[in-house]
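S.K.: Dropping a prediction and its sequence here:
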Protein chains: 2
Amino acid sequence: MAADGGEDARVGRTRADVARAALGVLTSEGSDAVTHARIADVAGYSKTTLYAHWPSRFDLIAVALDALGDMPHHERSGDLRPDLIGELKIFRQAVVEFRLDRVLSGMAQWASVEEMAQIRDTINTDGQRPLRTMLEECFGGFELEAAVSMLAGVVACPSIMFGTLPDDGAIAAAVDIVLRSAVDRL
Amino acid sequence: MAADGGEDARVGRTRADVARAALGVLTSEGSDAVTHARIADVAGYSKTTLYAHWPSRFDLIAVALDALGDMPHHERSGDLRPDLIGELKIFRQAVVEFRLDRVLSGMAQWASVEEMAQIRDTINTDGQRPLRTMLEECFGGFELEAAVSMLAGVVACPSIMFGTLPDDGAIAAAVDIVLRSAVDRL
């Protein structure tokens, strides 16, 4: 057998193909377009195969969101200011590459479905973790909660509210506001 | 004629009724449910009347968003800290009352329609204006842009990302982080 042969490898390839197709349709056409017929067409599989592995439309959306699982993060240097700026710039880049504005707003729209709310919470918690870990070096309690939302908000708010992204200057300014305040408090 | 009589008053009432009905359907059932048939049913007007005044579904969504025009804001005392906290608490309350999380994420989903992008920008610019005016007292340039997004983000990010709202403590902490940083800079 070839190294990429066998049942497990085939299922894995199918899953990766379908996840990529579903994420592509989700971010380019919106959640309403994520149907078995459309994803089967884009991914190049039969509807029968799709229904066998992902019986409901929520399963298709969930597998699409799985494809976001390996979101890129900044590699830490240990120096907090450039590390925070680097992480926010990578978040900004991911908004463009993965259309995170549409993913975020799409997940918010479906959040009345409990299963979807849980997927959303996991994705957002995972996504914010590096930022939170860095901010824990200088904040705790309510200020930590606030600082995480504030720095995430510098990228997410312009994106969701205005369809724009912050300049490098605005990202650095946000980090400086937070760090100046942390130094002042310590 | 009675004070509330006449053609203009009648059109005004129809508009207000339809706007309220459309906003209600939009926030409780999502943008897909905003159709002429559904809004006519909820508002108690004929579909013919609705098509006459609002020919497209975008017109219905636009009139729904108009009903958000008079968003509540905090009445300023002149003392910056309580004024910022008050404005953010009213924003938080409006998220609950007007389901702003759904409105925001809904607008983001349709933003590829240029007309809708413009309506969204106007609503969000108007909504952020009191916050921006207050922050202009202690920030300018990139730091002003950053501070507006950061404080809006303290309410908007938990709402859109996790379906939660910040505690009073997190709102106060965010304002304190920003103001401590402003004092330090001056």
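M.R.: Nice, thanks for sending it over. Since the structure is predicted, the reported quantities are computational estimates derived from the model, not experimental observations.
S.K.: Show me the shaky parts of chain A.
M.R.: Applying pLDDT under 70 to chain A flags residues A:1-5, A:69-70, A:109, A:184-186.
S.K.: By proximity to chain B, which residue of it wins?
M.R.: The nearest approach of chain A to chain B comes at residue A:153, 1.4 Å away (Cβ to the nearest Cβ). Yep, even glycine has a C-beta here, placed from its N, CA and C like the rest.
S.K.: residue contacts, that residue?
M.R.: By Cβ atoms under 8 Å, 6 or more residues apart in numbering or on different chains, the residues touching residue A:153 are B:149-150, B:152-154, B:156-157.
S.K.: And residue A:65, by the same measure?
M.R.: A:23, A:103, A:107, A:119, A:123.
S.K.: go on, residue A:24?
M.R.: If you count contacts by Cβ under 8 Å, 6+ apart, residue A:24 has them with residue A:42.
S.K.: and if we set it to 10 Å?
M.R.: A:34, A:39, A:42-43, A:64, A:67, A:99 (Cβ atoms under 10 Å, 6 or more residues apart in numbering or on different chains).
S.K.: Check the secondary structure at it for me.
M.R.: Secondary structure for residue A:24, judged by DSSP: H, G, I helix; E, B strand; the rest coil, is helix.
S.K.: And the helices in chain A, which stretches?
M.R.: A:7-29, A:36-43, A:47-53, A:57-66, A:80-97, A:100-109, A:114-135, A:141-157, A:168-185 (DSSP state H).
S.K.: how about the contacts of residue A:24, which pair is most distant?
M.R.: Greatest spatial distance in the contacts of residue A:24: A:43 and A:99, 18.3 Å, computed using Cβ to Cβ.
S.K.: Distance from the chain centre to stretch A:22-30, please.
M.R.: Computed by Cα atoms, centre = their mean, to the nearest Å, the chain-centroid distance of stretch A:22-30 equals 14 Å.
S.K.: again with stretch A:137-153
M.R.: 19 Å.
S.K.: again with stretch A:35-51
M.R.: Using Cα atoms, centre = their mean, the offset of stretch A:35-51 from its chain centre is 24 Å.
S.K.: List the buried residues for that stretch?
M.R.: A:36, A:38-40, A:42-43, A:45, A:50 (16 or more other Cβ atoms under 10 Å in any protein chain shown).
S.K.: With distance to residue B:59 as extra columns, can I get these in TSV?
M.R.: As requested, those are arranged in TSV below (distance: Cβ to Cβ, whole Å):
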residue	distance to residue B:59
A:36	33
A:38	28
A:39	32
A:40	35
A:42	32
A:43	37
A:45	40
A:50	37
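S.K.: Contact partners for residue A:142?
M.R.: Contacts of residue A:142 (Cβ under 10 Å, 6+ apart): B:166-174, B:176-177.
S.K.: Same list, these, but as CSV with neighbour count please.
M.R.: Compiled in CSV, the contacts of residue A:142 are given as follows (neighbours: other Cβ atoms under 10 Å in any protein chain shown):
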residue, neighbour count
B:166, 24
B:167, 14
B:168, 12
B:169, 13
B:170, 25
B:171, 25
B:172, 20
B:173, 23
B:174, 27
B:176, 18
B:177, 27
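S.K.: For chain A, tell me which of the residues you listed show up nearby.
M.R.: B:166-174, B:176-177 (Cβ under 10 Å from any Cβ of the partner chain).
S.K.: of the residues you listed, closest to residue B:71?
M.R.: Checking the ones next to chain A among the contacts of residue A:142 one by one against residue B:71 (Cβ to Cβ), the nearest turns out to be residue B:171, at 17.5 Å.
S.K.: What separation do you get for that closest one and residue B:177?
M.R.: Here the criterion is Cβ to Cβ, to the nearest Å. By it, residue B:171 lies 11 Å from residue B:177.
S.K.: which neighbours do those two share?
M.R.: Contacts common to residue B:171 and residue B:177, judged by Cβ under 10 Å, 6+ apart, are A:142, A:146, B:151, B:154.
S.K.: how about those, which pair is most distant?
M.R.: A:142 and B:151 (14.4 Å).
S.K.: Can you give the distance of stretch A:6-23 from its chain's centre?
M.R.: Using Cα atoms, centre = their mean, the offset of stretch A:6-23 from its chain centre is 20 Å.
S.K.: try stretch A:21-38
M.R.: 16 Å.
S.K.: Flag every buried residue along it.
M.R.: Buried, per 16+ other Cβ under 10 Å, within stretch A:21-38: A:21-27, A:30-31, A:34, A:36, A:38.
S.K.: gap between the two ends of that stretch?
M.R.: The straight-line separation of the ends of stretch A:21-38 (Cα to Cα, to the nearest Å) is 9 Å.
S.K.: What of stretch A:134-145?
M.R.: Using Cα to Cα, the end-to-end distance of stretch A:134-145 comes out at 12 Å.
S.K.: now that stretch: how far from the chain's centre is it?
M.R.: On Cα atoms, centre = their mean, the centre of stretch A:134-145 falls 22 Å from that of its chain.
S.K.: again, but for stretch A:79-91
M.R.: Centroid separation between stretch A:79-91 and its chain, computed with Cα atoms, centre = their mean, is 17 Å.
S.K.: Which residues are in contact with the residue nearest to residue A:66 when sequence neighbours are not counted?
M.R.: Spatially, and ignoring its direct neighbours in sequence, residue A:66 is nearest to residue A:19 (5.6 Å; Cβ to Cβ, 6 or more residues apart in numbering or on different chains). Counting by Cβ under 10 Å, 6+ apart, residue A:19 touches A:39, A:43, A:54, A:60, A:62-69.
S.K.: coming back round to it: which of the helices of chain A sits most buried?
M.R.: helix A:141-157 (a mean of 25; mean count of other Cβ atoms under 10 Å in any protein chain shown).
S.K.: Alright, calling it a day.
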